[in-house]
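Enquirer: From the sequence below, what's the structure:
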Amino acid sequence: MRRRYCCQIDGSLDNNIYLYQDPVFYLSSGPGIRMKNRNIVANFPFQFPYVTALELIDNYYTINIDSFIDNLSHIIILTNITYLKISFNNQLLNNFVKLLNRMPNVQKLILDVRPSSEMEVSSDQQTNTADLVCNNNVQNVIITDKLALTTVQLINKLFPRMECLAIQNRGDALISFVQTLLSNRISNNHLFSLVFYGDNAMINQLITMIDNEKLLDNYNIKSRWFGLCLWW
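Expert: Modelled structure (predicted):
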């Protein structure tokens with residue numbers, strides 16, 4: 001089911017929004033909002049205190065993340081957010097982790113992976129993965145494209161309470177992705193299922209890899225209408 005958004009904030013707000021006299025919208029049904037990150041500024045004139053689903057489009061990598069979070073917290077209540085869709089880049093994890101740590105009630109997260117080639121990252125912006133402190137409570141994660149191998153190795157640390165991970169568009173790299181993920185579960189004992197695209201040949205490859213490397217003791221892998229499901 002497609003998620004409904006109460007409004008989309010891009011270059012200008014929808015004219016209908018300006019019909020409201022009160023800049024604070026008391027939206028009782030807990031709707032969602034889609035915002036371009038460039039529009040999250042200190043003088044943003046509206047607040048959405050009952051929003052529970054947030055989609056951030058555009059990149060947030062070249063901005064001051066602390067100011068960005070502060071500005072966003074004046075528009076929505078960060079602790080109310082339970083659903084988050086956000087652009088994600090392998091090179092700048094610190095910004096992402098800082099933002100997610102301020103949204104402790106996010107349960108479902110969609111990572112719209114952006115290739116590193118789309119942006120330039122200076123050496124002083126690179127993430128020191130040893131310094132990552134992840135305090136989020138995300139349980140369900142969907143990844144829309146390829147992650148760098150170094151990020152795959154960290155995914156259980158990034159989401160220490162993750163229970164289900166869905167992987168889209170993995171292609172030929174799926175086997176190594178699953179292998180890396182299952183081999184690095186020391187930071188997460190909650191994960192119990194993976195969902196991904198594949199066929200019977202993929203099932204056979206996964207079974208062979210898991211059994212040969214003894215990555216799981218008891219597990220099942222089945223084809224479902226939405227793809228392949230591996231659980232243990």
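
Enquirer: Which of the helices and strands in the chain ranks last by mean pLDDT?
Expert: When each helix and strand of the chain is scored by mean pLDDT, DSSP states H and E, strand 5-9 comes last, with a mean of 50.

Enquirer: Okay, buried residues for the helix or strand where Asp211 lies please.
Expert: Assigned by DSSP states H and E, Asp211 belongs to helix 200-213. Within helix 200-213, the residues that count as buried by 16 or more other C-beta atoms under 10 Å are Met202, Leu206, Ile210. For the C-beta atoms, the positions are set from N, CA and C on the backbone; glycine is no exception.

Enquirer: low-confidence ranges in this protein?
Expert: Confidence mapping of the chain against pLDDT under 70 gives the ranges 1-30, 59-63, 91, 115-131, 169-172.

Enquirer: Identify each of the helices in it and give its residue range.
Expert: Taking DSSP state H, the helices of the chain run over residues 65-73, 93-101, 149-152, 155-158, 174-183, 200-213.

Enquirer: can you give me the strands for the protein?
Expert: In the chain, the strands defined using DSSP state E lie at 5-9, 32-36, 53-57, 83-89, 108-114, 140-143, 164-167, 193-196, 220-224, 227-231.

Enquirer: May I see these arranged in a markdown table, with mean neighbour count as well?
Expert: Compiled in a markdown table, those are given as follows (neighbours: other C-beta atoms under 10 Å):
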| stretch | mean neighbour count |
| --- | --- |
| strand 5-9 | 17 |
| strand 32-36 | 20 |
| strand 53-57 | 20 |
| strand 83-89 | 20 |
| strand 108-114 | 18 |
| strand 140-143 | 19 |
| strand 164-167 | 20 |
| strand 193-196 | 19 |
| strand 220-224 | 12 |
| strand 227-231 | 18 |
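
Enquirer: Indicate which one of these is closest to Ser183.
Expert: Nearest to Ser183 among the strands of the chain is strand 193-196; the distance by C-beta to C-beta comes to 13.4 Å.

Enquirer: Show me what that closest one is packed against.
Expert: When contacts are defined as 3 or more C-beta pairs under 8 Å, 6 or more residues apart in numbering; DSSP states H and E, strand 193-196 packs onto strand 164-167, helix 174-183, strand 227-231.

Enquirer: and Tyr197, which of these is closest to it?
Expert: strand 227-231 (4.9 Å).

Enquirer: quick revisit: dump the strands of the chain into CSV; add distance to Thr180 as well.
Expert: Shown next, in CSV, are those (distance: least, C-beta to C-beta, whole Å):
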stretch, distance to Thr180
strand 5-9, 34
strand 32-36, 32
strand 53-57, 27
strand 83-89, 17
strand 108-114, 16
strand 140-143, 13
strand 164-167, 12
strand 193-196, 12
strand 220-224, 17
strand 227-231, 14
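
Enquirer: Please identify which of those is closest to Ser73.
Expert: With C-beta to C-beta as the measure, strand 53-57 is the member of those nearest Ser73 (11.8 Å).

Enquirer: of all the helices and strands packed on strand 193-196, which lies closest to Leu147?
Expert: Nearest of those (C-beta to C-beta): helix 174-183, 7.7 Å.

Enquirer: What is that closest one packed up against?
Expert: Against helix 174-183 (3+ C-beta pairs under 8 Å, 6+ apart) you get helix 149-152, strand 164-167, strand 193-196, helix 200-213.

Enquirer: With just CA atoms, put stretch 186-202 into CSV.
Expert: Taking Å, rounded to 0.1, in the frame of the first residue of the first chain, the C-alpha atoms of stretch 186-202 are listed here in CSV:
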residue,chain,number,x,y,z
ILE,A,186,27.8,-10.1,16.6
SER,A,187,26.3,-6.6,17.1
ASN,A,188,22.7,-7.7,16.5
ASN,A,189,21.0,-10.8,17.9
HIS,A,190,17.6,-9.6,16.8
LEU,A,191,17.9,-10.1,13.0
PHE,A,192,15.9,-13.2,11.9
SER,A,193,14.8,-12.7,8.3
LEU,A,194,16.0,-11.4,4.9
VAL,A,195,13.8,-10.7,1.9
PHE,A,196,15.3,-10.3,-1.6
TYR,A,197,14.7,-10.9,-5.3
GLY,A,198,15.9,-14.2,-6.8
ASP,A,199,14.9,-17.5,-8.4
ASN,A,200,15.4,-21.2,-7.7
ALA,A,201,19.0,-21.0,-8.8
MET,A,202,19.6,-18.3,-6.3
